[in-house]
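Colleague: From the sequence below, what's the structure:
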Amino acid sequence: MKSIKLVVIFFSISFLTACASMDSGMEDGWIDMSGSFDGWTMVGDANWRIENGEFIADSASGISHLVTEENFDNFQIQLEFWNHEGANSGVFMRIQDPSAITDSTAYEANIFDNRPDQSGRTGGIPNFLPPAVVIDTWDQWNSYDITMIGNHVIVYLNGVKTIDGTDDNFSSGPLSLQYGAGTIKFRNVRIKRL
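Modeller: Numbers count the residues shown, from 1 in each chain. Reported below is the predicted structural model:
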């Protein structure tokens, strides 16, 4: 009887250890999307690479993206980005067509300080929600904290709320990190379903 109990205890501990290792990439519901191309698909020909756990791109023949393999409807995404002067990038959300991503077929938390139409500059969502505050981001690490629940969109750039509004255009889809021009780096990318 003791040997049966020991076997049951051994298998219980083994099972719990296996479950813990499966959840090692998740903490309180957060999915760590950093430091690996696992869970991402490359669209376009940007020279995405990983250095010191950071996604980096600095050339392409056209607009390119790292697109999540999964769709998200209600979520929170947090990340840090670094962009050199003149860079054009963004975080796209609820993408409708991963093979043809534009700022009118998805929500884009823009990274483009000198965008000609400043209503869609960094901290804003072009075509949908302009930023309430102007924050320059060149040549430094910056943070985005974005929450989308239903039609409600909240964006924090460097801890400052730049958007708190609503829009009904898109309800679900994958997310992406964009390369448009210049040099862009992303790190500490994590997503939580809400």
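Colleague: now residue 186: how far from residue 149?
Modeller: Taking Cβ to Cβ, to the nearest Å as the criterion, residue 186 is separated from residue 149 by 23 Å. (C-beta placed from N, C-alpha, C; glycine too.)
Colleague: Neighbour count: these two, which is higher?
Modeller: Of the pair residue 186 and residue 149, residue 186 is the one with more neighbours under other Cβ atoms under 10 Å, namely 25 against 12.
Colleague: Is that one located within a helix, as I assumed?
Modeller: No. With DSSP: H, G, I helix; E, B strand; the rest coil as the criterion, residue 186 is assigned strand and is not in a helix.
Colleague: wait, isn't it in contact with residue 54?
Modeller: Yes. Taking contact to mean Cβ atoms under 8 Å, the distance of 6.6 Å between residue 186 and residue 54 places them in contact.
Colleague: Provide a list of residue ranges in this protein with pLDDT below threshold.
Modeller: In the prediction, the chain carries residues with pLDDT under 70 at positions 1-26.
Colleague: where along it do the strands fall?
Modeller: In chain order, the chain shows strands spanning 26-27, 30-32, 40-43, 49-51, 54-57, 64-68, 75-83, 88-93, 107-111, 141-149, 152-157, 160-166, 176-181, 184-193, with DSSP state E as the criterion.
Colleague: what lines up beside the third one in the sheet?
Modeller: Partners of strand 40-43 in the sheet, by DSSP bridges, are strand 64-68 (antiparallel).
Colleague: what does the fourth one give?
Modeller: On the basis of DSSP bridges, the sheet neighbours of strand 49-51 come out as strand 54-57 (antiparallel).
Colleague: sorry, back to before: rebuild the strands of the chain as TSV, extending it with distance to residue 134.
Modeller: Formatted as TSV, the strands of the chain follow (distance: least, Cβ to Cβ, whole Å):
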stretch	distance to residue 134
strand 26-27	34
strand 30-32	30
strand 40-43	30
strand 49-51	30
strand 54-57	26
strand 64-68	26
strand 75-83	16
strand 88-93	17
strand 107-111	12
strand 141-149	13
strand 152-157	10
strand 160-166	9
strand 176-181	20
strand 184-193	20
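Colleague: Point out the most buried one among those.
Modeller: Among the strands of the chain, strand 107-111 has the highest mean neighbour count (mean count of other Cβ atoms under 10 Å), at a mean of 27.
Colleague: Just to check, residue 85 is in contact with residue 136?
Modeller: No. Between residue 85 and residue 136 no contact is recorded; they are 9.7 Å apart, counting by Cβ under 8 Å.
Colleague: For those two, list the residues in contact with both.
Modeller: Common neighbours of residue 85 and residue 136, using Cβ atoms under 8 Å, 6 or more residues apart in numbering, are residue 113.
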